[in-house]
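Asker: Take this sequence and fold it.
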Amino acid sequence: MPRMTRKEKPLIYIFCEGESEQAYAKFLQYEFHDKAAIKIPAKTGLFETAENKFSKDAGYRDNAEVTDEIWFFFDVEQADNEKLEKRRKIIKSLRGLRRKPNIRVRLLMTTACIEYWLMLHYKKLRPPIVTPEDKKRMLEQVKQKVPLYKKGDYDSTAQIAKNYRTAIANGQWTLDSLQGEIPCMEDTEERNLWLCRCGKTFTTVQEAIVFLKSLSSK
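Answerer: Predicted coordinates for the structure are as follows:
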């Protein structure tokens with residue numbers, strides 16, 4: 001099959017851990033439709049899902065040469081540390097699906113639960129989020145702001161996501177708070193591995209939104 005010709009807008013695939021991330025990704029798809037062609041797989045799944053899609057699904061495989069970025073949108077849990085090496089290898093493989101330049105892979109990470117990222121749409125906070133009780137408290141804080149919020153619900157998630165400009169500033173604040181500990185502030189493999197292992201409260205989702213905002217409308 002002939003390769004697709006490059007479109008004017010960058011082509012981005014977003015792989016989501018759960019339905020809540022998927023709902024937020026759909027908001028980004030709508031909000032920035034004039035800047036990027038964002039594709040969201042119908043089913044949730046992260047690194048292994050992307051690997052399978054681009055190796056076995058012709059719809060993905062034939063688009064590899066014109067895919068600009070692949071994003072993984074997920075919660076960082078200490079229990080996932082044993083998966084980091086396998087994930088690193090998958091990322092390397094996905095980057096190499098397109099040569100000169102490689103496909104850009106971004107990790108949209110938030111400590112423990114997406115509700116922490118959602119709360120950053122309203123205020124600065126960096127509480128420890130480790131236990132199920134910590135996650136429940138974060139969920140309750142979100143519901144105080146948007147009583148109809150529930151996991152995976154698009155309408156309530158979009159209501160929150162409209163405040164993404166505040167979340168960009170507050171999300172960057174979470175990373176800036178780690179200066180002096182973090183290896184570097186730039187989006188590198190070294191930094192991201194450190195973040196996955198650090199046990200600190202943070203998010204990097206804002207970096208992807210800053211990128212979308214930087215694109216010229218076509």
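Asker: Please count neighbours and contacts with C-alpha atoms only from this point.
Answerer: OK.
Asker: Which parts of this structure are helices?
Answerer: For the chain, applying DSSP state H gives helices covering 19-31, 47-56, 58-61, 84-95, 114-119, 132-145, 154-161, 164-176, 189-198, 205-214.
Asker: now the fourth one against helix 189-198, angle please.
Answerer: Read it as helix 84-95. Angle of helix 84-95 versus helix 189-198, following axes from the mean of the first three to the mean of the last three Cα atoms, to 10 degrees, is 150 degrees.
Asker: Could you tell me the angle between helix 84-95 and helix 47-56?
Answerer: Interaxial angle of helix 84-95 relative to helix 47-56 (the same axes, to 10 degrees): 30 degrees.
Asker: Need the residues that contact helix 84-95.
Answerer: Residues outside helix 84-95 that contact it (Cα atoms under 8 Å, 6 or more residues apart in numbering) are 47, 48, 51, 102, 103, 104, 105, 193.
Asker: again, 7 Å this time
Answerer: Outside helix 84-95, the residues that touch it by Cα atoms under 7 Å, 6 or more residues apart in numbering are 47, 51, 102, 103, 104, 105.
Asker: likewise stretch 176-184?
Answerer: With Cα under 7 Å, 6+ apart as the test, stretch 176-184 has contacts from residue 191.
Asker: Can you tell me which helix or strand of this structure has the lowest average pLDDT?
Answerer: Counting by mean pLDDT, DSSP states H and E, the weakest-scoring helix or strand in the chain turns out to be helix 58-61, with a mean of 92.
Asker: For it, list the C-alpha coordinates in PDB.
Answerer: C-alpha atoms of helix 58-61 as PDB (Å, rounded to 0.1, in the frame of the first residue of the first chain):
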ATOM      1  CA  ALA A  58      -2.700  -1.900   9.100                       C
ATOM      2  CA  GLY A  59      -4.500   1.300   9.900                       C
ATOM      3  CA  TYR A  60      -1.800   2.300  12.300                       C
ATOM      4  CA  ARG A  61       1.200   0.600  10.600                       C
END
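Asker: tell me which residues in it are buried?
Answerer: Applying a neighbour-count criterion of 16 or more other Cα atoms under 10 Å, one finds 60, 61 buried in helix 58-61.
Asker: How about stretch 20-34?
Answerer: In stretch 20-34, counting by 16+ other Cα under 10 Å, buried: 20, 21, 22, 23, 24, 25, 26, 27, 28, 29, 31, 32.
Asker: Now do the same contact list for the third one.
Answerer: Going back to what we said before, that points to residue 22. Contacts of residue 22 (Cα under 7 Å, 6+ apart): residue 16.
Asker: Could you report the pLDDT at the spatially closest residue to residue 27 that is not a sequence neighbour?
Answerer: Using Cα to Cα, 6 or more residues apart in numbering and skipping the chain neighbours, the partner closest in space to residue 27 is residue 158 (5.8 Å). Looking at residue 158, its pLDDT is 98.
Asker: Residue 158: how many residues sit nearby?
Answerer: 20 (other Cα atoms under 10 Å).
Asker: Could you measure from it over to residue 10?
Answerer: To residue 10, residue 158 is 23 Å away according to Cα to Cα, to the nearest Å.
Asker: give me the low-pLDDT residue ranges for the chain?
Answerer: Along the chain, segments meeting pLDDT under 70 span 1-7, 218.
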